[in-house]
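# Sequence and predicted model, in that order:
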Amino acid sequence: MEILKYQYIVFPMAALALLTFVVLVMLFLSRLSAVKNGSLSAGFFKTYTGQSEPEQSRKLARHFANLFEAPILFYVVCLSGLSTHLSFGLFQVFAWLYVTLRLIHATVHIGKNKLQPRIAAYFSGWIVLIAMWLLLIYRLIGDT
């Protein structure tokens with residue numbers, strides 16, 4: 001089966017999904033470690049109340065949730081581009097740029113969590129995402 005150039009958009013989508021899976025595993029391991037070392041009881045996870053989750057676990061949990069916010073719009077625009085055969089060229093460059101910015105955002109947020117580079121990566125990602133939507137709409141209008 002030949003993969004057509006517009007179908008390559010699946011690769012940045014898969015890369016972002018992989019980032020999500022990696023953060024999930026990191027979150028699980030961080031929480032498991034917190035329970036094992038006694039800084040958090042397993043009962044905390046019944047209602048997420050009664051104790052304060054360690055900072056690293058909190059950051060990972062927040063980041064994991066964040067990967068189901070704006071990235072949903074990324075998956076939708078990519079699938080829209082794929083289904084209309086418009087997901088090639090500049091569109092794919094934007095997709096890889098978005099994934100790169102999300103990776104930078106994750107690295108900063110999960111790491112030292114410095115606000116300035118984190119905010120820069122986050123909002124740059126939004127600009128790229130908006131550009132993807134505008135490019136998709138422009139190409140669809142151009143086809144009519």
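Thanks, I have it. Numbering: from 1, shown residues only.
# Now do the same contact list for the spatially most central residue of the chain.
Averaging the C-alpha coordinates of the chain gives a centre point, and the residue nearest to it by CA atoms, centre = their mean is Leu67 (4.1 Å). Leu67 makes contact with Leu16, Leu19, Thr20, Val23, Arg102, Ala106 under the criterion CB atoms under 8 Å, 6 or more residues apart in numbering. (C-beta placed from N, C-alpha, C; glycine too.)
# Same question for Leu19.
Leu19 makes contacts with Leu67, Val99, Arg102, Leu103, Ala106, as judged by CB under 8 Å, 6+ apart.
# The host helix or strand of the second one: how far from the chain's middle?
What it means is Val99. Assigned by DSSP states H and E, Val99 belongs to helix 90-110. Counting by CA atoms, centre = their mean, to the nearest Å, helix 90-110 is centred 8 Å from the centre of its parent chain.
# So which residues make contact with that helix?
Contact partners of helix 90-110, identified using CB under 8 Å, 6+ apart, comprise 8-9, 12-13, 15-16, 19, 23, 26, 59-60, 62-63, 66-67, 71, 74, 78, 81, 87, 114, 117-118, 121-122, 124-125, 128-129, 131-132, 135-136, 139.
# Who wins on neighbours among the contacts of Leu67?
Of all these, Arg102 has the most neighbours under the rule other CB atoms under 10 Å, reaching 25 neighbours.
# follow-up on the earlier one: list the buried residues of the helix holding Val99.
Within helix 90-110, the residues that count as buried by 16 or more other CB atoms under 10 Å are 91-92, 94-95, 97-106, 108-110.
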